[in-house]
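[1] I'd like to go over a predicted model; first the sequence, then the structure.
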Amino acid sequence: MEKLRIQGGHMLSGKVRVGGAKNAALPELAATLLTDEPVRLTNVPAVRDVATIIRLLEHLGVQIERDANGTHSRLCAFNGTEAPYDLVKTMRASFLVLGPLLVRTGRARVSLPGGCAIGARPVDQHLSALTQLGANLRVEKGYVIAEAQRLNGSEVTFSSPTVGGTEHLMLAASLAQGTTVLRNAACEPEVADLAILLNLMGARIEGAGSDTIEIRGVSELGGADHKILPDRIEAGTYLVAGALKGDRLEIANCRPAHLEAVINKVQEIGANIEPGDGSLCISASTDYRASNTRTEPHPGFPTDMQAQYMTLMTQAVGTATVTETIFENRFMHVPELNRMGADITIDGHSAIVRGPRQLGGARVMATDLRASASLVLAGLVAEGETIIDRLYHLDRGYESLVEKLGAAGAKVERFRE
Ligand code: UD1
């Protein structure tokens, strides 16, 4: 199994280019099921989750070609309407094919994703909303079996904002009869980017990016050519890397407006960030003040940046309380950071970080995607060598991380043991 070795303490400078957003690429690739015409997506990140959804779409009958610029896909004919457990269990976003299969073929059999390391993550809101649009759903042997002649537009109010649920309903309602209104919808930039693609394909969606989205159903969708927005979590991760070890590190090809909560927080603790045109430049300081944060739906502080921020807080003077409100079990990086010399205790949904602490290199275990990123950041600032096991978590969402950090001056390599 591949591992990552980091020799800590090296400064980072030059330019790190941010890739396309994984969390937009996944629903947008699922949208290729909604048309027989070619869909061309550019700025598609080369990460493992994208490879997983491509495998699932190929299994369903979409032909996908990848080149250096992106993907060209075309649905020739449905090979089947089943998304098997093996492909859904490794990546929950696979569940998003249910709605498109249902509106195109009248039926779908998709494995329930089940829980994952960071929490139970049910899909009850996806299912109740699809039922409101007229889908006939039942669960049999771990699979959701869905049937409908045609979906009918409806008013859906989510009990709490769900990114995947909002995207799922946008995909399905685009080909429903009549108008669907989603209330208490997720406002994440990736939801808005999906609406841009769907509208290019001929959908009629308004309000995506706000908490109320109106989707007027159309009878068919066509092809489109769309560039995926930059990955705000990848940008945020490199911003924290720069706050820890940057010497004028430039984070290029990002949209600072999508990262406002993180930028404000990192500035508040004492970092100097120079915003540019689609870029951010940051240098490390030795004078950070601890500051509390709590994760919130967009535009609040993203849960996907919580672990990385915790690593930063180990270097700040004082005590910071980091509260997780989105997922119930997202502190698995805490024991690993403590093994590297951090002083963090967990109290319910909060982690209390006391700093500053000089971290020391250690052998640590990645437990999920963003937890892995927090360990990489800790390795960059630690004294000595850090070895991170279970690298596949990192590969799910970070494109060419070793190459990008290496080019900026980090001493980091992959190896097999
Ligand atoms: C997406 C992101 C993930 C991010 C998360 C929150 C993708 C591929 N993944 O995940 O990186 O961490 O948003 O910003 O875009 N919930 C329910 N019932 C449901 C759906 C969700 O209870 O039917 C709960 C979840 O368990 C979680 C919360 O709602 O506690 C938010 O989940 P959701 O926004 O749906 O996250 P994902 O779309 O899975």
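    That came in fine, so what should we check first?
[2] so the nearest residue to E58 once chain neighbours are set aside, which of the three states?
    Nearest residue to E58, sequence neighbours excluded (Cβ to Cβ, 6 or more residues apart in numbering): I64, at 6.1 Å. Heads up, the C-betas are built off the backbone N, CA and C, glycines and all. Using DSSP: H, G, I helix; E, B strand; the rest coil, the three-state assignment for I64 comes out as strand.
[3] tell me how far I64 lies from the ligand.
    18 Å (Cβ to the nearest ligand atom, to the nearest Å).
[4] and F95, by the same measure?
    9 Å.
[5] find the nearest non-adjacent residue to that residue, please.
    Excluding the flanking residues, the one nearest F95 by Cβ to Cβ, 6+ apart is P113, at 5.1 Å.
[6] lowest average confidence across helices and strands of the protein, where is it?
    strand 70-75 (a mean of 85; mean pLDDT, DSSP states H and E).
[7] can you list the residues of the chain near the ligand?
    23, 26, 92-93, 119-126, 160, 162-165, 186, 190, 303-304, 326-327 (Cβ under 6 Å from any ligand atom).
[8] number of residues surrounding E268?
    12 (other Cβ atoms under 10 Å).
[9] likewise D277?
    6.
[10] check which helix or strand covers it.
    Assigned by DSSP states H and E, D277 belongs to no helix or strand.
[11] for L137, which non-adjacent residue is closest in space?
    For L137, ignoring the flanking residues on the chain, the nearest one in space by Cβ to Cβ, 6+ apart is A146 at 5.2 Å.
[12] about what we covered before: neighbouring strands - and their directions - for the least confident helix or strand of the chain?
    Paired strands of strand 70-75, with direction, are strand 39-42 (antiparallel), strand 62-67 (antiparallel) (DSSP bridges).
[13] give the buried residues for the longest one.
    This points to strand 62-67. Judged by neighbour count (16 or more other Cβ atoms under 10 Å), strand 62-67 contains these buried residues: 62, 64.
[14] the residue lying farthest from the centre of the chain: what's it in contact with?
    Farthest-out residue of the chain from its mean C-alpha position, per Cα atoms, centre = their mean: Q149, at 32.9 Å. Counting by Cβ atoms under 8 Å, 6 or more residues apart in numbering, Q149 makes contact with G106.
[15] that one belongs to a helix?
    No. Assigned with three-state DSSP, Q149 falls outside any helix and is coil.
[16] now it: how far from the ligand?
    Taking Cβ to the nearest ligand atom, one finds Q149 at 25 Å from the ligand.
[17] shaky segments in the protein?
    Applying pLDDT under 70 to the chain flags residues 115.
[18] now do the helices in it.
    22-30, 48-60, 85-89, 98-105, 124-132, 163-173, 189-200, 232-245, 260-268, 306-313, 333-339, 369-381, 392-395, 401-407 (DSSP state H).
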